[in-house]
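# Test case, fold it:
(chains A and B)
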Number of protein chains: 2
Amino acid sequence: MIPRRKHNASSGSLPPPDDKHASNDYILSDSAARCGWRAALRRRFNRKTLHKRLPVTAWLPQYNAEKALGDLIAGITVGLTVIPQSLAYSNIAGLPPQYGLYGSFLGCFVYIVLGGCRAVPAGPTAIASLLTFQVAGGVVEKAILLNFLAGLVELLMGVLGLGFLINFVSGPVSSGFTSAVALMIATSQVKDLFAISVSGTTFLQQWISIFRNLHAASLWDPVLGFSCIALLLFMRKIGMIKLGAKSEDGPSTRQKVITKCLWMVSTCRNAIIVVATGVLGYWFVAVYGQPPVRLMGAIPSGVPMPQLPPFSYVRADNSTADFLDMVSELGSGLLVIPLIVLLEDIAICKAFSDGRTIDATQEMIALGVASVANSFMQAYPGGGSLARSVVSNGSGVKTTLNGLYTGVMVILALQFFTQYFEYIPKAALAAVIVSAILFMVEYNVIKPMWRAKKLDLIPGVGTFILCLTLPIELGILTGVIVNIIFILYHAARPKLSVEMLKTEHGVEYLMITPDRCLMFPSVDYVRRLVTKHAASSSVPVVIECTHIYSADYTAAKSIEQLTADFHATRQPLYFYNVKPSVCSIFEAVAKPEHFVVFYEDDELDRLLAADERLEPTKLPPARA
Amino acid sequence: MIPRRKHNASSGSLPPPDDKHASNDYILSDSAARCGWRAALRRRFNRKTLHKRLPVTAWLPQYNAEKALGDLIAGITVGLTVIPQSLAYSNIAGLPPQYGLYGSFLGCFVYIVLGGCRAVPAGPTAIASLLTFQVAGGVVEKAILLNFLAGLVELLMGVLGLGFLINFVSGPVSSGFTSAVALMIATSQVKDLFAISVSGTTFLQQWISIFRNLHAASLWDPVLGFSCIALLLFMRKIGMIKLGAKSEDGPSTRQKVITKCLWMVSTCRNAIIVVATGVLGYWFVAVYGQPPVRLMGAIPSGVPMPQLPPFSYVRADNSTADFLDMVSELGSGLLVIPLIVLLEDIAICKAFSDGRTIDATQEMIALGVASVANSFMQAYPGGGSLARSVVSNGSGVKTTLNGLYTGVMVILALQFFTQYFEYIPKAALAAVIVSAILFMVEYNVIKPMWRAKKLDLIPGVGTFILCLTLPIELGILTGVIVNIIFILYHAARPKLSVEMLKTEHGVEYLMITPDRCLMFPSVDYVRRLVTKHAASSSVPVVIECTHIYSADYTAAKSIEQLTADFHATRQPLYFYNVKPSVCSIFEAVAKPEHFVVFYEDDELDRLLAADERLEPTKLPPARA
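You can find the predicted model right below:
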């Protein structure tokens, strides 16, 4: 047990050696957030707010050639990543490949103006694609409407300041969720790797189906797929080589050039594989007519015309689902997808923040507008993706303007290159996904979690298992609720320390110190323990309220009953060091003659002397 | 702002004037609850546990003639209250009147053996009756199965120690709920008071229907009903008269006798009214053949044979609902009814505890077994009722054995008197309910709530309105959830106090003190504020962790990122007075060279001196 020594600044009972040491003028740092709507209105209209809400106005005036070059290189490199990714991710979402590309340009342009984090190119992501598949079930119209509505929800959350909601997704829940998603995405690619058909929706069903159908696997699809995975992992590895980094003089120019080339190959590995296998596929078709592996097939070319998202669609059974039908079919996905997209995006922003604070509200607004804009281009939900951000950051990105080049590349690809995409083997795209996704399984958090707080493994592992067995959005919701129950249990069960002490006059008393605030879930528990301890020894009781930083009406009622009980049994009860805000709550309910507060040690003896007259037998005789 | 003075016992930095003053041997009072299953097993088998789990073994050996007399009087008085109440409450539940009596004897017998609170006679209650009506919709089979399953849920909650759940129903939510229930019950009696038919399920619909149908009201039903209400309120009032209490010699014997008689009349007012109007009804039937007011009608006589609760029933449309159908129709009622019954029961136990602690677990077991037993007698859900407890306590109850006499009276009534009950006018029973229920509207809590904590009016008034507009179990669930959001917001937004201080060597530093524990919802917020304040002044930062009594993995990750950020910007960051339990959590994740903890004031200067060598320009020159 640490001796509870107090800092100079707070041990006010010492004569302060220096005025500044005893300073008590606390600045409550969230006071600014509570100044009411007038101040809020005033804050909305000034230059700082403009920079905050339109970040482009902050960086554009300082834009220069050096930054432009960095953005150009980063934009093109990201473009080479985003095009194969988009084709592959739309497969995860159960949609035709062009829909991935549709979501990769307009959102980038919006993010240039509104986005706060330079290293976040908005576009399809693996997690959002899987969630879209689970929520929209591969129906194009539902996926697009989902994007539109999810964008509105993000925007609304930004405007209403509901960003704090994502704080309720804890580290363990987030890790469990991400790991489960990675495994599910990898599973979803097995069908393309082996060219088999897989049925079932849950993880288990899919693997059962995979093992049943594996006998029907083709030979060349898995050969190509696993070769690609091996190549991709190899190329990933060579990007980490730093030639001459260990030599005493540092790397030579030649070593530096080779290192840079290896990094470039590694960064563009997805594009390289896709182009190489695409050429292979084209060659097979041109020479043999019939390739030994399955290819992507025809992709409609051209940039889509902007149009309203669909508010109705025709079901497989020819019945028409109207807007309300669609919304009720999307269900909890309308909340889960925005939350997960924001969670992922803000985690990325934090990772590349270089110590700056992240404006979560602005991110929500930027992603919300980008999503709504994308939905007019028939795109499905997306957001920031860690893989692209790593590439962008590594390519020396300077501002969000890099998104311009990425977007233009995607438009060019849609306009001129879709005819070539049809020769890309499906197994190669599956390899691109699998080789990226396996690093998302966060098995390495288990050890620190075990060392830090074993209890946190319950929400972590629980979420992982639930996400694999339940529909994934239910899995994470359940994980979050389990974790919230931890918080509630914590609020309901404070720790009380009980000490038998003596005043300076030698009168024994019981000091009971609750370690946290008194709110409705905990007050009965505290009252019961205080009554129990007080009954076991009939000395006066002092409740030390230093750690009670807040209370509510239920607590006040309970304190009133407690003081009345003590009054009835004629056992003295005092409250020590009650904060004024808490004191006023208690005083509003308790009878003033029952509720006695003191702030100075020596007051206690005086109070006891007064009470001794009232009930002398209850107190031990004062020792000289 | 109170000067933050510390108690002798905890200001360890002072030389302790007396060993006992500096005692630090805390007794963590819930440590016993965490000793694992072995200790739990050992605790299950000893005499104290026997007394706890079979309270009859504790009081029966000390039973004597004086206690027997007290219990006899109380038991008979309660019997005179419970018989008219049971007839009336089964009307609230939408069931024939005998079902109220069916629930008023076996449960009493069970409670004698298992119950912990002498003043709680188990039987039908107004709130449980209304909830039963809302959940079972007046179907006898569903009401009985509900009682059986609710009993099992109560028992399960007792065995699993889930009693803490009722702590999440705060005072304001409970008041709002009770008040709404009182108004709804009063509304449900209007149809009998005016002898009209009323349709609709919500409060508003029912009142619209009442005003539409009021023109069809009979003359004599309301005359009788309101006369009874007036009489009942008058008799209630005379019970409070204490003759001669203000005279100097105290009351004379004659005054005492009259006071006692008035009290007796007041206590038995429901029985008096029911018997008197019953005689009136009988007289009308005997003399005129056709009474001017509506009577109860025939009630089957006899104690029901014990039988299994019904596990299926035939619907109005002749289809059969099996067990699963019934369970799904009962829905959330299966959770809400046990919780509300327990909530009411434990509130009553507390009110009559005389300062003793209440064993919530034992109450759950007792009520659970009583409910299951009652369901074999075809009773619908019930529990402890405040009105009966007041009577019981006022009649000088000594032990739970009083339930024996109450139960026997109910059995006698069922066996021999049901033929007379049919002459009781419906309006008289409605008057019994209305005149009791109006005092359950807790308008008097609004003022103290307003003075204590205005924010608590939101869950209070919110629950009141929601219970009147939604199905009542949804209303209270929503109220509880809103109140839990308060707790979560509270957990997510700690207050940070920020002070600019100087060490003894005159080095300026920023001390940041979070006021509560670091858990996942709050860590990002704390990290953002610390980063912001640290960035605004580049002096060393000290995080004062005295109030951080617990932390989790997410907090540890955030602290790791914080220390890494500070390390990257070369701004010194120290942690002061971290509790060992919290320290070990942080150390499991953070790099040891980044995470620096100190416990003594003078350590800071030494740490800063060491850091000054590292980064001298960041620190202001030490003043001599």
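# For the stretch 501-624 of chain A, which segments count as helices?
Taking DSSP state H, counting those that start in this stretch as the criterion, the stretch 501-624 of chain A contains helices spanning A:520-536, A:553-569, A:580-589, A:601-614.
# do the same with the stretch 1-150 of chain A
A:36-44, A:47-53, A:56-59, A:65-92, A:98-102, A:106-114, A:126-136, A:140-160.
# Those: which one's closest to residue A:232?
helix A:65-92 (10.8 Å; Cβ to Cβ). C-beta coordinates here come from the backbone N, C-alpha and C atoms, glycine included.
# Distance from that closest one to the middle of the chain?
Relative to its parent chain, helix A:65-92 has a centroid offset of 24 Å by Cα atoms, centre = their mean, to the nearest Å.
# From the contact counts, what lies against it?
In this structure, helix A:65-92 makes packing contacts with helix A:98-102, helix A:126-136, helix A:171-194, helix A:253-267, helix A:269-288, helix A:386-394, helix A:402-412, helix A:426-437, judged by 3 or more Cβ pairs under 8 Å, 6 or more residues apart in numbering or on different chains; DSSP states H and E.
# tell me the mean pLDDT over that helix?
Taken as a whole, helix A:65-92 has an average pLDDT of 86.
# List the buried residues in that helix.
A:67, A:70-92 (16 or more other Cβ atoms under 10 Å in any protein chain shown).
# What is the neighbour count of residue A:384?
30 (other Cβ atoms under 10 Å in any protein chain shown).
# just for chain A, where's the confidence low?
Within chain A, the segments meeting pLDDT under 70 span A:1-45, A:121, A:353-357, A:611-624.
# what's the domain layout of chain A?
Under automatic domain parsing, the residue ranges defining each domain of chain A are A:60-447, A:495-618.
# what sits against the most centrally placed residue in chain A?
What sits nearest the mean C-alpha location of chain A, by Cα atoms, centre = their mean, is residue A:343, with 3.0 Å. Residue A:343 makes contact with A:166, A:169, A:174, according to Cβ atoms under 8 Å, 6 or more residues apart in numbering or on different chains.
# who wins for neighbours among the residues you listed?
Result: residue A:174 is most packed of those (other Cβ under 10 Å), 26 neighbours.
# so the closest residue to that one other than its chain neighbours is in which element?
Closest residue in space to residue A:174, ignoring its immediate chain neighbours: residue A:343 at 6.6 Å, by Cβ to Cβ, 6 or more residues apart in numbering or on different chains. Element membership of residue A:343, judged by DSSP states H and E, is helix A:333-351.
# Residue A:209 too?
Residue A:209 belongs to helix A:203-213, assigned by DSSP H and E.
# on that earlier part again, could you dump the helices of the stretch 1-150 of chain A into TSV and include distance to residue B:523?
Below are these laid out as TSV (distance: least, Cβ to Cβ, whole Å):
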stretch	distance to residue B:523
helix A:36-44	26
helix A:47-53	23
helix A:56-59	28
helix A:65-92	31
helix A:98-102	35
helix A:106-114	27
helix A:126-136	22
helix A:140-160	20
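# between those, which one is nearest to residue A:590?
helix A:36-44 (30.7 Å).
# how many neighbours does the residue lying closest to residue A:309 once chain neighbours are set aside have?
Using Cβ to Cβ, 6+ apart and skipping residues adjacent in sequence, the residue nearest residue A:309 is residue A:148, 4.1 Å away. Around residue A:148 there are 21 other residues, counting by other Cβ under 10 Å.
# Tell me the residues of the stretch 51-200 of chain A that contact chain B?
With the criterion set to Cβ under 8 Å from any Cβ of the partner chain, the stretch 51-200 of chain A comes near chain B through A:164, A:167, A:168, A:169, A:170, A:171, A:172.
# One more: the stretch 201-350 of chain A?
Counting by Cβ under 8 Å from any Cβ, the stretch 201-350 of chain A sits next to chain B at residue A:350.
# residue in the stretch 201-350 of chain A nearest to chain B?
residue A:350 (7.5 Å; Cβ to the nearest Cβ).
# Chain neighbours aside, what residue packs nearest to that residue?
Nearest to residue A:350 is residue A:358, by Cβ to Cβ, 6+ apart, at 5.8 Å.
# hang on, the one you found in a helix?
No - counting by DSSP: H, G, I helix; E, B strand; the rest coil, residue A:358 is not part of a helix but coil.
# which ones are touching it?
Here residue A:358 is in contact with A:116, A:117, A:346, A:349, A:350, B:528 (criterion: Cβ under 8 Å, 6+ apart).
# wait, isn't the fifth one in contact with residue B:561?
Meaning residue A:350. Yes - counting by Cβ atoms under 8 Å, residue B:561 is a contact partner of residue A:350 at 7.5 Å.
# how about the residues of the stretch 351-500 of chain A near chain B?
A:354-355, A:357-358, A:448-449, A:451-453, A:455-456, A:460, A:483-484, A:486-493, A:495-500.
# do that again at 6 Å, thanks
With the criterion set to Cβ under 6 Å from any Cβ of the partner chain, the stretch 351-500 of chain A comes near chain B through A:355, A:357, A:448-449, A:451-453, A:456, A:487, A:491-492, A:495-499.
# Could you list the buried residues of the helix or strand where residue A:449 lies?
Using DSSP H and E, residue A:449 sits in helix A:446-452. In terms of neighbour count (16+ other Cβ under 10 Å), helix A:446-452 has its buried residues at A:448, A:449, A:452.
# Now do the spatially closest residue to the last one that is not a sequence neighbour against residue A:454, distance only.
This points to residue A:452. Leaving out its chain neighbours, the residue that sits closest to residue A:452 by Cβ to Cβ, 6+ apart is residue B:588, at 3.8 Å. Distance, residue B:588 to residue A:454, by Cβ to Cβ, to the nearest Å: 10 Å.
# of these two, who's got more company?
Taking neighbours as other Cβ under 10 Å, residue B:588 and residue A:454 compare with residue B:588 leading, 17 against 10.
# Next up, the contacts around the more buried one.
Residues counted as contacts of residue B:588 (Cβ atoms under 6 Å, 6 or more residues apart in numbering or on different chains) are A:448, A:451, A:452.
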